[in-house]
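1. Show me the folded form of this:
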Amino acid sequence: MGAMSQAATISKVSSGLVNSPERGTPKLGAQPVKSHLGWFKTIPPERIGLNGEYDYYGLSKRVYQHLNDLVGTSIMQRLKVRQRGRVILLSGYVPTAKLLEQLKQATLSVEGADAVETCVMSIEASWAASA
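-> The predicted model follows:
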């Protein structure tokens, strides 16, 4: 079955135009058939952008904004926030291990974030003294 005929079949199923033994014949004024494709109607939490729109990297942008509000731009300039599905990847430099732990906890508080991974993180005490 080609892509066009599949789309037409899905359209007919969701509109109630296809008869099935358990539903019987569609009648005038009958309730529309609920489709199993309902999950296409909402944006997954990891794909919601800064303004509620669909954004493939929406979670990482929302996490970055949240962390920037929390610690400021001077620290965020040395930190990268990336996304792999619902997992946030933090890499870069932070002044203390305590701050890194706070950043992880703050990241997990953002809707859609299931886990935080740190890779290539450096804790630079000398940077904290000069900043």
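2. Give me the neighbour count for Leu108.
-> Residue neighbour count, defined by other C-beta atoms under 10 Å, stands at 13 for Leu108. The way it works is simple: take the backbone N, C-alpha and C, and place the C-beta from them, glycine included.
3. And for the one 3 residues further on?
-> Other residues lying near Glu111 total 9 when counted by other C-beta under 10 Å.
4. What is the burial count for the nearest residue to it once chain neighbours are set aside?
-> Once flanking residues are discounted, Glu111 sits nearest to Pro45: 5.4 Å by C-beta to C-beta, 6 or more residues apart in numbering. Pro45 has 15 neighbours, counted by other C-beta under 10 Å.
5. Quick check: Pro45 vs Met121, distance?
-> From Pro45 across to Met121, the span is 25 Å (C-beta to C-beta, to the nearest Å).
6. Low-confidence ranges, the chain, go.
-> Scanning the chain for pLDDT under 70 picks out 1-40, 126-131.
7. ok, which stretches of it are strands?
-> 79-84, 87-94, 115-123 (DSSP state E).
8. which stretch among those comes nearest Leu100?
-> Closest to Leu100 of the strands of the chain, according to C-beta to C-beta: strand 87-94, at 4.8 Å.
9. what angle separates that closest one from strand 79-84?
-> Interaxial angle, strand 87-94 versus strand 79-84 (axes from the mean of the first three to the mean of the last three C-alpha atoms, to 10 degrees): 170 degrees.
10. Okay, helices next: where are they in this structure?
-> Secondary structure of the chain (DSSP state H): helices located at 3-15, 58-71, 73-76, 97-108, 125-130.
11. Which neighbouring elements make contact with the third one?
-> Where contact means 3 or more C-beta pairs under 8 Å, 6 or more residues apart in numbering; DSSP states H and E, helix 73-76 is packed against helix 58-71.
12. Could you list the buried residues of the helix it packs on?
-> 58-64, 66-67, 71 (16 or more other C-beta atoms under 10 Å).
13. ok, of the residues you listed, which one's closest to Gly49?
-> Nearest to Gly49 among those, with distances taken as C-beta to C-beta, is Gly58, at 4.1 Å.
14. doesn't Gly52 make contact with the closest one?
-> No: using C-beta atoms under 8 Å as the test, Gly58 is too far from Gly52 to be in contact (9.1 Å).
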